[in-house]
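Asks: Return atomic coordinates for the entry below.
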Amino acid sequence: MENSSLIHPTAVIHPEAIIKKNVHVGAYSVIGKGVKLESGCVIGNHVTISGDTFIDEETRIYHSASVGEDPQDKKYDGEDTKLYIGKRNLIREFCTINKGTAQDHGETVIGDDNWIMAYCHIAHDCRIGNQVILANNTTLGGHAEIDNYAVLGGATLVHQFCKIGSHVMTAGGSGIQKDVPPFVITHGNFAAPIGINSEGLKRRGFNTEQLSAIKRGYKIIYRQKNSIEQALVELKKLAIEENIVNLYIDFISRSKRGLIR
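Replies: Next up is the predicted model:
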């Protein structure tokens, strides 16, 4: 511990935990043996951080969260698995984030600059990119993948192994049972595509030509009654002129559960 003056006297810190300078730990929080907190992290009251968990600079975890606990997976048998959380994340009250399992990559990974609101659950082996927003009560099943800039509305439920592409937006209460391509807005349970995230894309600086190409790609996937194989052929033709369409192609190529329809 490099600066014990920022640790509340009621906090319980394992002597082998690594806590860098300018880390705040609130009252009654518990920091376990394998935990590493980089400089500038802020840990609220009654937070439990356990397991082989690395949390990078300036991430803030609010009160009563559980981070790095064993996966909720019957196959888990005490293997040495990990949780990695990147920089400048905001993790709000009562979130639960589990470490990985030996049956996958052995780690749960959260990137940088994400906003994870209260009562969210991120299960074992999930992979979350950067600049993602998970609104309150969002639940990710094991092995789910969320790409950069996705926004998941409150109480979105993501089935295990599902992938959600970059710049996706899900309406509150969406039930995601298959993969969601980039740029798409979803609604319902089971979730269905209802268009592209035009407003979000404009806010992120996408120009008129890019938005037009994204809309054309969406129509190829969803409005022209193409099979996935046929859609890929047409998307590759479009990508010769419009590079942004490659995000659709790359995503569909790694989809395993099929796309929402």
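Asks: How far does stretch 123-133 stretch from one end to the other?
Replies: 16 Å (CA to CA, to the nearest Å).
Asks: Can you list the neighbours in contact with it?
Replies: 71-73, 76, 81, 86, 98-101, 104-105, 107-115, 117, 122, 139-152, 160, 166 (CB atoms under 8 Å, 6 or more residues apart in numbering). All C-beta spots, glycine's among them, are computed from the backbone N, C-alpha and C.
Asks: pretty sure V42 contacts H24?
Replies: Yes - V42 is within contact range of H24, at 4.5 Å (criterion: CB atoms under 8 Å).
Asks: which ones are touching P193?
Replies: Counting by CB under 8 Å, 6+ apart, the residues that P193 touches are 180, 184-186, 218, 222, 260-261.
Asks: before we move on, what about Q72?
Replies: Here Q72 is in contact with 98, 123-124, 142 (CB under 8 Å, 6+ apart).
Asks: Looking at the residues you listed, spot the one nearest L134.
Replies: Of all the contacts of Q72, L134 sits closest to A123, with 12.4 Å by CB to CB.
Asks: For the nearest residue to the closest one once chain neighbours are set aside, give me phi and psi.
Replies: Once flanking residues are discounted, A123 sits nearest to G142: 4.3 Å by CB to CB, 6 or more residues apart in numbering. When read as degrees, to the nearest 10, the backbone of G142 gives phi -60, psi 140.
Asks: Okay, G142 and L83: tell me how far apart.
Replies: Between G142 and L83 the computed distance is 13 Å (CB to CB, to the nearest Å).
Asks: Same question for T170.
Replies: 24 Å.
Asks: again with P182
Replies: The gap separating P182 from L83 is 26 Å, by CB to CB.
Asks: Kindly report the same for E209.
Replies: Distance, E209 to L83, using CB to CB: 41 Å.
Asks: Same question for I194.
Replies: In terms of CB to CB, I194 sits 34 Å off from L83.
Asks: What ranges does this structure have for its helices?
Replies: Secondary structure of the chain (DSSP state H): helices located at 198-203, 208-222, 228-241, 246-254.
Asks: looking at the ones you listed, which is closest to G34?
Replies: helix 246-254 (31.1 Å).
Asks: what comes into contact with the closest one?
Replies: 147, 163, 165-166, 179, 181-183, 217, 221, 228, 231-232, 235-236, 239, 259.
Asks: What residues of that helix count as buried?
Replies: 246-249, 251-252 (16 or more other CB atoms under 10 Å).
Asks: about what we covered before: buried among the contacts of stretch 123-133? Make that a PyMOL selection.
Replies: Paste this into PyMOL to select the buried members of these, with burial taken from 16+ other CB under 10 Å:
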select buried, resi 71+73+76+81+86+98+99+100+101+104+107+108+109+110+111+112+113+114+115+117+122+139+140+141+142+143+144+145+146+147+148+149+150+151+152+166
